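Colleague: would you be able to build a 3D model of this:
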Amino acid sequence: MRYRPLSIAWVVVAFVALLPHHVVAQSGTASTEVVRLTPHGDPDIQGIFTFRTLTPLNRPEALTGKEALSAEEAAAFEATERTRLNRDLFDPEQGAPTAGYQSRAEGGVLSYNEFWYERGVELTQGRRTSLVTDPASGRVPYTTTYQERSRIRRLNLRNGFGNSHHDRSLSDRCLMGFNSGPPMVSGSYNNNVQILQAPGYVVILNEMVHNARIVPLDGRPHGELRQFAGDSRGHWEGATLVIETQNFLRETSLGGSTADTFLIERLRRTDDDTVIYEFTVEDERSYTQPWTAMMPLRRTDGPLYEYACHEGNIGMYGILAGARQKDTQAVEGTR
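Modeller: Next comes the predicted model:
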(Lines give C-alpha, C1' and ligand atoms only; values in the text may rest on other atoms or scores of the structure.)
Protein backbone atom coordinates (compact mmCIF):
# COMPACT_ATOMS: atom_id res chain seq x y z
CA MET A 1 0.00 0.00 0.00
CA ARG A 2 2.90 2.38 0.62
CA TYR A 3 3.58 2.44 -3.14
CA ARG A 4 0.09 3.63 -4.09
CA PRO A 5 0.62 7.39 -3.50
CA LEU A 6 3.76 7.24 -5.64
CA SER A 7 1.86 5.41 -8.42
CA ILE A 8 -0.90 8.00 -8.37
CA ALA A 9 1.70 10.73 -8.55
CA TRP A 10 3.23 9.18 -11.67
CA VAL A 11 -0.23 8.93 -13.26
CA VAL A 12 -0.83 12.62 -12.59
CA VAL A 13 2.57 13.54 -14.02
CA ALA A 14 1.93 11.43 -17.13
CA PHE A 15 -1.51 13.00 -17.60
CA VAL A 16 -0.14 16.52 -17.30
CA ALA A 17 2.61 15.68 -19.79
CA LEU A 18 -0.02 14.83 -22.38
CA LEU A 19 -1.80 18.17 -22.07
CA PRO A 20 -1.00 21.04 -24.48
CA HIS A 21 1.14 23.58 -22.72
CA HIS A 22 2.83 26.91 -23.30
CA VAL A 23 6.35 28.24 -23.25
CA VAL A 24 7.45 31.85 -23.29
CA ALA A 25 9.77 32.59 -26.20
CA GLN A 26 11.86 35.73 -26.03
CA SER A 27 11.11 38.20 -28.81
CA GLY A 28 13.66 40.99 -28.48
CA THR A 29 14.41 42.52 -25.12
CA ALA A 30 11.15 44.36 -24.49
CA SER A 31 8.46 41.78 -25.27
CA THR A 32 7.70 38.10 -25.13
CA GLU A 33 5.52 35.76 -27.14
CA VAL A 34 3.54 32.85 -25.74
CA VAL A 35 3.85 29.72 -27.89
CA ARG A 36 1.46 26.80 -27.41
CA LEU A 37 3.11 23.39 -27.58
CA THR A 38 1.76 19.96 -28.48
CA PRO A 39 2.23 17.04 -26.07
CA HIS A 40 5.29 16.01 -28.12
CA GLY A 41 6.84 19.47 -27.85
CA ASP A 42 6.24 21.07 -31.26
CA PRO A 43 4.55 24.47 -31.63
CA ASP A 44 0.80 23.81 -31.70
CA ILE A 45 -0.96 24.99 -34.88
CA GLN A 46 -3.74 22.39 -34.74
CA GLY A 47 -7.40 23.12 -35.23
CA ILE A 48 -10.25 23.53 -37.69
CA PHE A 49 -10.02 26.81 -39.58
CA THR A 50 -11.72 28.82 -42.30
CA PHE A 51 -9.83 30.90 -44.85
CA ARG A 52 -12.82 32.53 -46.53
CA THR A 53 -12.34 36.23 -47.23
CA LEU A 54 -13.49 38.94 -49.62
CA THR A 55 -9.89 40.05 -50.10
CA PRO A 56 -8.98 39.01 -53.66
CA LEU A 57 -5.73 37.28 -54.50
CA ASN A 58 -4.84 40.11 -56.91
CA ARG A 59 -5.40 43.79 -56.18
CA PRO A 60 -8.24 45.13 -58.36
CA GLU A 61 -7.16 47.58 -61.05
CA ALA A 62 -9.43 50.22 -59.51
CA LEU A 63 -7.36 50.02 -56.32
CA THR A 64 -3.94 50.22 -57.96
CA GLY A 65 -1.37 51.62 -55.56
CA LYS A 66 -3.67 51.28 -52.55
CA GLU A 67 -2.38 48.58 -50.19
CA ALA A 68 -5.14 48.91 -47.59
CA LEU A 69 -8.51 50.60 -47.19
CA SER A 70 -9.94 52.79 -44.50
CA ALA A 71 -12.84 51.43 -42.47
CA GLU A 72 -15.31 53.40 -44.59
CA GLU A 73 -13.71 52.34 -47.89
CA ALA A 74 -13.62 48.70 -46.76
CA ALA A 75 -17.32 48.73 -45.86
CA ALA A 76 -18.21 50.12 -49.30
CA PHE A 77 -15.95 47.62 -51.12
CA GLU A 78 -17.34 44.68 -49.15
CA ALA A 79 -20.94 45.68 -49.88
CA THR A 80 -20.20 46.06 -53.59
CA GLU A 81 -18.45 42.69 -53.77
CA ARG A 82 -21.28 40.87 -52.01
CA THR A 83 -23.68 42.29 -54.58
CA ARG A 84 -21.41 41.57 -57.54
CA LEU A 85 -20.87 37.95 -56.52
CA ASN A 86 -24.46 37.21 -55.48
CA ARG A 87 -25.87 34.46 -57.70
CA ASP A 88 -29.44 35.33 -56.72
CA LEU A 89 -29.02 38.75 -58.34
CA PHE A 90 -27.58 37.40 -61.58
CA ASP A 91 -29.78 37.56 -64.67
CA PRO A 92 -28.90 34.55 -66.87
CA GLU A 93 -30.69 36.14 -69.85
CA GLN A 94 -28.86 39.45 -69.77
CA GLY A 95 -25.71 38.25 -68.03
CA ALA A 96 -25.62 41.14 -65.56
CA PRO A 97 -24.64 41.94 -62.91
CA THR A 98 -21.87 39.45 -63.36
CA ALA A 99 -18.87 37.94 -61.65
CA GLY A 100 -17.88 35.97 -64.72
CA TYR A 101 -21.00 33.77 -64.86
CA GLN A 102 -21.97 32.57 -68.32
CA SER A 103 -25.26 33.71 -69.83
CA ARG A 104 -27.66 31.09 -71.19
CA ALA A 105 -26.57 32.00 -74.71
CA GLU A 106 -23.09 30.86 -73.74
CA GLY A 107 -24.35 27.67 -72.13
CA GLY A 108 -24.70 28.96 -68.58
CA VAL A 109 -27.36 27.24 -66.48
CA LEU A 110 -26.87 29.00 -63.13
CA SER A 111 -26.39 25.65 -61.41
CA TYR A 112 -26.18 27.00 -57.85
CA ASN A 113 -27.99 29.83 -56.12
CA GLU A 114 -26.41 31.96 -53.41
CA PHE A 115 -27.51 29.58 -50.61
CA TRP A 116 -24.70 27.20 -51.52
CA TYR A 117 -21.89 29.74 -51.44
CA GLU A 118 -19.56 30.41 -48.54
CA ARG A 119 -18.54 33.94 -49.37
CA GLY A 120 -16.18 35.86 -47.21
CA VAL A 121 -17.96 38.77 -45.57
CA GLU A 122 -14.99 41.04 -44.97
CA LEU A 123 -11.43 41.84 -45.98
CA THR A 124 -8.51 40.20 -44.21
CA GLN A 125 -6.86 41.74 -41.18
CA GLY A 126 -5.58 45.22 -41.92
CA ARG A 127 -8.23 45.63 -44.67
CA ARG A 128 -5.67 44.72 -47.32
CA THR A 129 -6.73 45.01 -50.95
CA SER A 130 -4.95 41.81 -52.03
CA LEU A 131 -3.70 38.57 -50.55
CA VAL A 132 -0.50 39.09 -52.58
CA THR A 133 2.01 40.92 -50.38
CA ASP A 134 5.02 40.74 -52.71
CA PRO A 135 5.48 42.26 -55.26
CA ALA A 136 4.28 45.63 -54.01
CA SER A 137 1.77 45.87 -56.87
CA GLY A 138 -0.33 43.28 -55.02
CA ARG A 139 -0.67 41.28 -58.23
CA VAL A 140 0.71 37.92 -59.36
CA PRO A 141 3.56 38.67 -61.82
CA TYR A 142 2.42 36.47 -64.71
CA THR A 143 4.59 36.07 -67.78
CA THR A 144 3.08 36.96 -71.16
CA THR A 145 3.55 33.30 -72.12
CA TYR A 146 1.30 32.19 -69.27
CA GLN A 147 -1.28 34.85 -70.01
CA GLU A 148 -1.63 33.56 -73.56
CA ARG A 149 -1.68 29.96 -72.36
CA SER A 150 -4.41 30.84 -69.88
CA ARG A 151 -6.47 32.66 -72.50
CA ILE A 152 -6.43 29.61 -74.77
CA ARG A 153 -7.29 27.28 -71.90
CA ARG A 154 -10.26 29.42 -70.85
CA LEU A 155 -11.58 29.43 -74.40
CA ASN A 156 -11.39 25.64 -74.58
CA LEU A 157 -13.11 25.16 -71.22
CA ARG A 158 -15.76 27.70 -72.15
CA ASN A 159 -16.62 26.17 -75.53
CA GLY A 160 -16.84 22.67 -74.12
CA PHE A 161 -13.81 21.19 -75.86
CA GLY A 162 -12.79 17.76 -74.62
CA ASN A 163 -11.29 14.95 -76.67
CA SER A 164 -10.70 13.11 -73.40
CA HIS A 165 -10.92 13.68 -69.65
CA HIS A 166 -7.32 14.94 -69.77
CA ASP A 167 -8.56 18.06 -71.55
CA ARG A 168 -10.74 19.06 -68.60
CA SER A 169 -9.62 20.77 -65.41
CA LEU A 170 -8.61 18.90 -62.27
CA SER A 171 -11.64 20.34 -60.47
CA ASP A 172 -13.91 19.07 -63.29
CA ARG A 173 -12.42 15.65 -62.65
CA CYS A 174 -12.74 16.02 -58.85
CA LEU A 175 -9.06 15.30 -58.40
CA MET A 176 -8.19 18.59 -56.70
CA GLY A 177 -10.31 21.25 -55.07
CA PHE A 178 -10.48 24.68 -56.67
CA ASN A 179 -9.23 26.31 -53.45
CA SER A 180 -7.10 23.62 -51.82
CA GLY A 181 -4.04 24.01 -54.02
CA PRO A 182 -1.53 23.65 -52.64
CA PRO A 183 -1.28 26.49 -51.90
CA MET A 184 -4.70 27.25 -50.42
CA VAL A 185 -6.54 30.34 -51.69
CA SER A 186 -10.02 31.47 -50.67
CA GLY A 187 -12.72 30.34 -53.11
CA SER A 188 -16.50 30.15 -53.49
CA TYR A 189 -17.19 27.54 -50.81
CA ASN A 190 -15.66 24.83 -48.60
CA ASN A 191 -12.89 27.17 -47.47
CA ASN A 192 -12.20 24.97 -44.46
CA VAL A 193 -9.13 23.10 -43.38
CA GLN A 194 -8.14 20.94 -40.44
CA ILE A 195 -4.54 20.79 -39.25
CA LEU A 196 -3.46 17.79 -37.19
CA GLN A 197 -0.08 17.06 -35.61
CA ALA A 198 1.65 13.89 -34.49
CA PRO A 199 5.30 13.22 -33.63
CA GLY A 200 7.23 13.77 -36.85
CA TYR A 201 4.22 14.68 -39.02
CA VAL A 202 1.71 17.41 -39.82
CA VAL A 203 -1.49 16.66 -41.75
CA ILE A 204 -3.32 19.35 -43.74
CA LEU A 205 -6.85 18.14 -44.49
CA ASN A 206 -8.87 20.32 -46.86
CA GLU A 207 -12.64 20.04 -46.87
CA MET A 208 -12.74 20.59 -50.63
CA VAL A 209 -12.40 17.17 -52.32
CA HIS A 210 -11.24 15.87 -48.93
CA ASN A 211 -7.59 16.25 -49.89
CA ALA A 212 -5.10 15.32 -47.16
CA ARG A 213 -1.42 16.16 -47.30
CA ILE A 214 0.77 14.21 -44.90
CA VAL A 215 3.93 16.24 -44.33
CA PRO A 216 6.97 14.49 -42.78
CA LEU A 217 9.12 16.59 -40.45
CA ASP A 218 12.02 14.17 -40.00
CA GLY A 219 14.40 15.65 -42.56
CA ARG A 220 13.95 12.96 -45.20
CA PRO A 221 14.73 14.07 -48.79
CA HIS A 222 12.04 14.68 -51.36
CA GLY A 223 10.91 11.62 -53.27
CA GLU A 224 10.93 11.35 -57.06
CA LEU A 225 7.26 10.42 -57.55
CA ARG A 226 5.24 13.28 -59.02
CA GLN A 227 1.84 13.83 -57.41
CA PHE A 228 -1.15 16.10 -57.97
CA ALA A 229 -0.51 17.79 -54.61
CA GLY A 230 3.26 17.61 -55.00
CA ASP A 231 5.77 16.13 -52.56
CA SER A 232 5.90 18.06 -49.26
CA ARG A 233 8.59 18.18 -46.57
CA GLY A 234 8.42 20.32 -43.45
CA HIS A 235 10.58 21.68 -40.66
CA TRP A 236 10.27 24.15 -37.81
CA GLU A 237 11.92 27.55 -37.77
CA GLY A 238 11.19 28.67 -34.25
CA ALA A 239 7.39 28.71 -33.89
CA THR A 240 6.83 28.73 -37.67
CA LEU A 241 6.17 25.56 -39.65
CA VAL A 242 7.89 25.76 -43.04
CA ILE A 243 6.70 23.36 -45.77
CA GLU A 244 8.54 22.99 -49.08
CA THR A 245 6.67 21.28 -51.91
CA GLN A 246 7.90 20.23 -55.35
CA ASN A 247 7.46 17.38 -57.85
CA PHE A 248 3.94 18.33 -58.92
CA LEU A 249 2.36 16.14 -61.58
CA ARG A 250 0.82 19.16 -63.36
CA GLU A 251 -0.92 22.40 -62.38
CA THR A 252 -2.97 22.72 -59.20
CA SER A 253 -5.91 25.05 -58.64
CA LEU A 254 -3.49 27.99 -58.42
CA GLY A 255 -3.49 29.96 -61.66
CA GLY A 256 -0.14 29.66 -63.39
CA SER A 257 1.21 26.70 -61.46
CA THR A 258 2.80 23.91 -63.48
CA ALA A 259 4.71 20.71 -62.78
CA ASP A 260 7.78 22.93 -62.24
CA THR A 261 6.26 24.89 -59.36
CA PHE A 262 8.31 25.18 -56.18
CA LEU A 263 6.22 26.18 -53.18
CA ILE A 264 7.15 27.34 -49.68
CA GLU A 265 4.36 27.62 -47.10
CA ARG A 266 4.68 29.11 -43.62
CA LEU A 267 2.20 28.62 -40.79
CA ARG A 268 2.45 30.40 -37.44
CA ARG A 269 -0.09 30.70 -34.64
CA THR A 270 -0.60 34.28 -33.49
CA ASP A 271 -3.37 33.67 -30.94
CA ASP A 272 -5.79 30.96 -29.84
CA ASP A 273 -8.07 31.61 -32.82
CA THR A 274 -5.65 32.47 -35.63
CA VAL A 275 -2.89 30.84 -37.65
CA ILE A 276 -1.21 33.05 -40.25
CA TYR A 277 -0.76 31.23 -43.56
CA GLU A 278 1.85 32.62 -45.96
CA PHE A 279 3.16 31.10 -49.16
CA THR A 280 5.78 31.88 -51.78
CA VAL A 281 5.56 30.48 -55.32
CA GLU A 282 8.34 30.05 -57.86
CA ASP A 283 7.78 28.90 -61.44
CA GLU A 284 9.72 30.47 -64.29
CA ARG A 285 7.26 29.09 -66.81
CA SER A 286 4.48 31.30 -65.48
CA TYR A 287 5.86 34.05 -63.24
CA THR A 288 8.46 36.73 -63.88
CA GLN A 289 9.63 36.48 -60.25
CA PRO A 290 8.81 34.57 -57.05
CA TRP A 291 5.73 36.04 -55.34
CA THR A 292 4.18 35.83 -51.89
CA ALA A 293 0.64 35.92 -50.50
CA MET A 294 -0.71 35.80 -46.96
CA MET A 295 -4.08 35.20 -45.32
CA PRO A 296 -5.31 34.25 -41.86
CA LEU A 297 -6.71 30.85 -40.97
CA ARG A 298 -9.45 31.64 -38.45
CA ARG A 299 -10.76 29.06 -35.98
CA THR A 300 -14.22 27.75 -36.85
CA ASP A 301 -16.56 25.13 -35.48
CA GLY A 302 -16.20 21.59 -36.75
CA PRO A 303 -16.35 18.92 -37.72
CA LEU A 304 -15.33 18.84 -41.37
CA TYR A 305 -17.69 16.80 -43.48
CA GLU A 306 -16.66 14.62 -46.38
CA TYR A 307 -16.89 16.43 -49.69
CA ALA A 308 -18.13 13.78 -52.13
CA CYS A 309 -17.37 15.20 -55.58
CA HIS A 310 -19.78 13.11 -57.62
CA GLU A 311 -19.29 15.23 -60.71
CA GLY A 312 -15.97 13.51 -61.34
CA ASN A 313 -17.65 10.11 -61.34
CA ILE A 314 -20.91 10.92 -63.11
CA GLY A 315 -20.75 14.34 -64.72
CA MET A 316 -17.63 13.64 -66.75
CA TYR A 317 -19.64 11.29 -68.95
CA GLY A 318 -22.06 14.12 -69.69
CA ILE A 319 -19.26 16.63 -70.29
CA LEU A 320 -17.52 14.41 -72.81
CA ALA A 321 -20.79 13.31 -74.42
CA GLY A 322 -21.65 16.97 -74.87
CA ALA A 323 -18.23 17.60 -76.36
CA ARG A 324 -18.81 14.79 -78.88
CA GLN A 325 -22.17 16.31 -79.79
CA LYS A 326 -20.74 19.80 -80.27
CA ASP A 327 -17.60 18.43 -81.94
CA THR A 328 -15.75 21.58 -80.93
CA GLN A 329 -12.19 21.76 -82.21
CA ALA A 330 -9.34 22.79 -79.96
CA VAL A 331 -8.49 26.49 -80.12
CA GLU A 332 -5.26 26.91 -82.05
CA GLY A 333 -2.20 27.08 -79.87
CA THR A 334 -3.11 24.48 -77.23
CA ARG A 335 -0.91 21.77 -78.65
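
Colleague: what's the neighbour count on the residue nearest to residue 87 when sequence neighbours are not counted?
Modeller: Excluding the flanking residues, the one nearest residue 87 by C-beta to C-beta, 6 or more residues apart in numbering is residue 114, at 4.6 Å. (Each C-beta comes from the backbone N, C-alpha and C, glycine too.) If you count neighbours by other C-beta atoms under 10 Å, residue 114 ends up with 13.

Colleague: residue 90 is in contact with residue 114, correct?
Modeller: No: using C-beta atoms under 8 Å, residue 114 makes no contact with residue 90, being 9.1 Å away.

Colleague: overlap in contacts of these two?
Modeller: Counting by C-beta atoms under 8 Å, 6 or more residues apart in numbering, residue 114 and residue 90 have no shared contacts at all.

Colleague: where does pLDDT dip in this protein?
Modeller: Counting by pLDDT under 70, the chain shows low-confidence ranges at 1-34, 92-111, 310-313, 333-335.

Colleague: how much space between residue 190 and residue 206?
Modeller: Residue 190 is 8 Å from residue 206, where distance means C-beta to C-beta, to the nearest Å.

Colleague: what of residue 76?
Modeller: Distance from residue 76 to residue 206, counting by C-beta to C-beta: 32 Å.

Colleague: more crowded one of the two?
Modeller: More crowded of residue 76 and residue 206, by other C-beta under 10 Å: residue 206, with 25 against 11.

Colleague: who does that one bridge with?
Modeller: Beta bridges link residue 206 to residue 193, judged by DSSP bridges.

Colleague: I'd guessed it sits against residue 177; true?
Modeller: Yes: using C-beta under 8 Å, residue 206 is in contact with residue 177, at 5.8 Å.

Colleague: can you give me the helices in the stretch 51-200 of the chain?
Modeller: All helices of the stretch 51-200 of the chain, identified by DSSP state H, counting those that start in this stretch, fall at 71-85, 144-158.

Colleague: now do the buried residues in the first one.
Modeller: Read that as helix 71-85. For helix 71-85, burial by neighbour count (16 or more other C-beta atoms under 10 Å) applies to 74, 77, 78, 81, 82, 85.

Colleague: now do the strands in the stretch 201-335 of the chain.
Modeller: 201-206, 212-216, 231-237, 240-246, 262-271, 274-282, 291-299 (DSSP state E, counting those that start in this stretch).
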